[in-house]
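Trainee: Sharing a sequence plus its predicted fold:
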Amino acid sequence: MNILNLGCGTKISANPEVVNVDWSVYLLLRKYRILHLLASPFLRGARRERYKSLAGNIKVHNHIKGIPYPENSIDVVYHSHFFEHFDQGMAKRFQMEVRKVLKQGGIQRIVIPNFESLVQAYIDHLSICKNKSDEWKVHDNYIAGILEQSVRKEAFGTSQQPPFRRFVENLILGDARRRGETHQWMYDQFNLAALLEEVGFKEFALLTYNTSNIPNWNTYGLDYDESGSEYHPGSLYAEVRK
């Protein structure tokens, strides 16, 4: 079986059946030796640990340029917390690319923030605020859950760095939008199913982080964290077939 893990960032699988594809700075550093030698001394803390954990089965590619594989050549296309970073027009083109590279009967597994869950959490907390006077102090967190990553100006990782490092990273790498870190659209089970059907996919199924129609899916570890728990709690998990 051959599996593409698209838009993977640093969440990759070392399984030889998986090719991890992205254009993040971490994969660029890992792929090209000269960049690796220049940048390694400057990585610290959690960033360094994420970088050291990267396996070698990676392909550096900007997905705006399509998916660099022949038609009908891939068994599984997987992406997690990636699809929402495309605007609506690009999202449809991306789905057409996915369908093109999948074999007949191949599976696309999609993991995205669940807009329904985020909105429900906001509504539930709104009710709590009306009955508990001190809850309004943290209510902004529930609005942030829906909007923050759509309006973010500075990349999150950079915002946590010391002032000089922040300045250099923003100067070289650009803001959150330039790095593809902002959400351009959000999905629930209904608008996602409608888009996938429009593109030509079939057998839309809602699943969980540890269930799949892909044989032996849990052995690849892509929906788990290091402790074996759900990597992105509260996500929407869906699969379709070509």
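Mentor: That came through, no problem. Numbering: from 1, shown residues only.

Trainee: low pLDDT regions in the protein?
Mentor: Applying pLDDT under 70 to the chain picks out residues 24-56, 155-158, 165, 168-174, 176, 179.

Trainee: Strands of that one, residue ranges please.
Mentor: Secondary structure of the chain (DSSP state E): strands located at 3-6, 18-22, 58-60, 74-80, 102-113, 202-207, 235-241.

Trainee: Skip the chain neighbours and tell me the closest residue to Ser117.
Mentor: Gly234 (5.3 Å; C-beta to C-beta, 6 or more residues apart in numbering). Bear in mind the C-beta positions are built from the backbone N, C-alpha and C, glycine included.

Trainee: How many residues are close by that neighbour?
Mentor: Applying other C-beta atoms under 10 Å, we find 12 other residues in the vicinity of Gly234.

Trainee: cool, His61 as well?
Mentor: 17.

Trainee: of all the strands of the chain, which lies closest to Gln88?
Mentor: strand 102-113 (13.9 Å; C-beta to C-beta).

Trainee: Name the strands paired with that closest one and say parallel or antiparallel.
Mentor: Strand pairing for strand 102-113, determined by DSSP bridges: strand 74-80 (parallel), strand 235-241 (antiparallel).

Trainee: returning to what we had before: can you tell which of the strands of the chain is closest to Leu192?
Mentor: Minimum separation from Leu192 across those (C-beta to C-beta) falls at strand 235-241, 6.1 Å.

Trainee: Report the inter-axis angle for that closest one versus strand 202-207.
Mentor: 150 degrees (axes from the mean of the first three to the mean of the last three C-alpha atoms, to 10 degrees).

Trainee: Please report the number of neighbouring residues for Leu121.
Mentor: No, residue 121 isn't Leu; it's Ala. 16.

Trainee: biggest helix in this protein, by residue count?
Mentor: helix 115-131 (DSSP state H).

Trainee: Who are the packing partners of it?
Mentor: helix 140-151 (3 or more C-beta pairs under 8 Å, 6 or more residues apart in numbering; DSSP states H and E).

Trainee: so how far is the helix it packs on off the chain centroid?
Mentor: 17 Å (C-alpha atoms, centre = their mean, to the nearest Å).

Trainee: May I see the buried residues of that helix?
Mentor: Buried residues in helix 140-151, counted by 16 or more other C-beta atoms under 10 Å: Tyr142, Gly145, Ile146, Gln149.
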